Structure formats: C-alpha cells, structure tokens
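Asker: Show me how the following folds:
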Amino acid sequence: MSKVDLKVDWCEHKAAAYAVTHWHYSRSMPTPPVLKIGAWENGNFIGVVLFSRGANKNLGSFAGLTNLEVCELTRVALDKHLSPVTQVVSSAIKFLKDKSPGIRLIVSYADTNQNHVGIIYQAGNWFYSGITPDSWLYKDKNGRVWHQRQVSKSGIKPQYGELRYVAKIDDCEKIPQTGKHRYLYPLDRAMRKQIAVLAKPYPKRESCGQSVEGDTIDDQSIE
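Answerer: Presented below is the predicted three-dimensional model:
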C-alpha cells in the first residue's frame, strides 16, 4: 500500500459547505462563527472538520470557561479516504490548538437518536461525561426541522441581538429527542486534570459490528 500524505489547513466556506451537504447526514452547516479545517490526501480534498460555538451559549460554564476558551466539534464530513477518521480528527485538533492557543477545551456530542454512542471519540481517547437531558425538535409545515431554542409561541424570538421570525410552536409537529452523549477533549495539562474527575465509563452500542466510520460526529443543533 502506497504512503498517504495527509494534510490539514484552513479551507474556504464554499469547500466546507460542499463537504457538509454531500458527505454529512445533516446536510447543513452549523451556526456561525465556524472554524473550517480542510483535509487533503496526496493533494486531493477529502473533506472538513468544523469547530464552532455550538447551540449552547454556556458550553464551557461547567468548567469555568468563557466562549473564547471552549469550542464544539460540530462536523466531520469526509468523502472516500484512506486515513482513519481518528487520524483526520486528531490532525485537525492539533492544527486548531496551534492556530488558536486560547482554546482550552473541545466539547462534542454523539446523537442517540441516530444510534450513535461516540465510537470516534472513544477511539481518540476523549473523556466521556454523561448524557444530556431529553429535548424536543419541531418540524414545520414545509418539513424543516427546528431546534427547541429556535421556535416560539408568537413566531418571533431574539437571536443574535435582534428579533427574528421563527417557527410557531402551534404550527409544528413536536418530535421527542433522547439525550446526547457528551465528550470532552482538554487541550492543556491543567484542563485535563480538571476534566478527568468528570470522566465516566464509555457507553456501549447494543448492536454489534459498529465501526468508527459508521458513527458520524453530529451537531448539537439542527438548522
């Protein structure tokens, strides 16, 4: 087998959007701002690893971190590739740490509603900190799915500092969602020590034969 030259670097929004809409089950970009890290094998573009603030405004509050010190791994969207997913993610994290030294912790989620348990994180030695509370999604008349933070009774809600029109709760189908597995990846020694006390045993998938490739990293919110 020939040697694979894997490289990661910043990529343009157009490339990231293409990768997500073609190679990720969500088919949608996460809410900005988004750090877009592309991956290339032997010079060929194979996809992206995306980091963002996620849907939770208090993402790092449990660890005493501000929004400038924590980010969420929200997408891994890859075409056919030779490098293991864990290697691509690890390379992206190293690149992020080098280019954004102020970030101390990465958080990500495995969606139980997609039958994910976080195989990718477990293979990458992330800390598992438990499962989030159950929640709801809302599907409007056009079939668009909204996160529970994106709907209101009046159809108007403050977002990003201004009032915006959103889906009305009464006009949507309410879809129950089970909680998501939360994983943590500290980027410095002090944070690792702090997070280690939160670690719990990894959850296991009931069905057999699940691979790292099949357990897609997903976003906390659906746009």
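
Asker: Neighbouring strands of the lowest-mean-pLDDT helix or strand in the chain in the sheet, and parallel or not?
Answerer: When the helices and strands of the chain are scored by mean pLDDT, DSSP states H and E, strand 156-159 comes last with a mean of 79. Partners of strand 156-159 in the sheet, by DSSP bridges, are strand 162-165 (antiparallel).

Asker: what's the average pLDDT for the helix or strand following the strand it pairs with?
Answerer: Remark: after strand 162-165, the chain's next helix or strand is strand 167-168, criterion DSSP states H and E. Mean per-residue pLDDT for strand 167-168: 86.

Asker: counting contacts, what elements does strand 167-168 pack onto?
Answerer: strand 151-152 (3 or more CB pairs under 8 Å, 6 or more residues apart in numbering; DSSP states H and E). Every residue, glycine included, has its C-beta placed from N, CA and C.

Asker: ok, 10 Å please
Answerer: Strand 167-168 is packed against strand 135-139, strand 151-152, with contacts defined by 3 or more CB pairs under 10 Å, 6 or more residues apart in numbering; DSSP states H and E.

Asker: With mean neighbour count added, can I get these in CSV?
Answerer: Shown next, in CSV, are the helices and strands packed on strand 167-168 (neighbours: other CB atoms under 10 Å):
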stretch, mean neighbour count
strand 135-139, 17
strand 151-152, 18
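
Asker: neighbours around residue 9, how many?
Answerer: As a burial measure, residue 9 scores 12 neighbours (other CB atoms under 10 Å).

Asker: ditto for residue 38
Answerer: 21.

Asker: Ok, residue 100 next?
Answerer: Count around residue 100 with other CB under 10 Å applied: 13.

Asker: Distance of it relative to residue 168?
Answerer: In this view, residue 100 and residue 168 are 39 Å apart by CB to CB, to the nearest Å.

Asker: List the buried residues for stretch 172-185?
Answerer: 172, 177, 180-185 (16 or more other CB atoms under 10 Å).

Asker: Hmm, residue 45 and residue 77 touching each other?
Answerer: No - between residue 77 and residue 45 there is no contact under CB atoms under 10 Å: 11.3 Å.

Asker: For those two, list the residues in contact with both.
Answerer: In terms of CB atoms under 10 Å, 6 or more residues apart in numbering, residue 77 and residue 45 are both contacted by the residues 18-19, 39.

Asker: Output the residues you listed in a markdown table; the columns should cover pLDDT and secondary structure.
Answerer: Listed next are the shared contacts of residue 77 and residue 45 as a markdown table, based on pLDDT from 0 to 100; DSSP: H, G, I helix; E, B strand; the rest coil:
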| residue | pLDDT | secondary structure |
| --- | --- | --- |
| 18 | 98 | helix |
| 19 | 98 | helix |
| 39 | 98 | strand |
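
Asker: tell me which of those residues is nearest to residue 63?
Answerer: Within those, the smallest distance to residue 63 is 28.2 Å, found for residue 39 (CB to CB).

Asker: For burial, what's the neighbour tally of the closest one?
Answerer: The burial count for residue 39: 28, using other CB under 10 Å.

Asker: And it, how far from residue 89?
Answerer: From residue 39 to residue 89 the distance is 9 Å (CB to CB).
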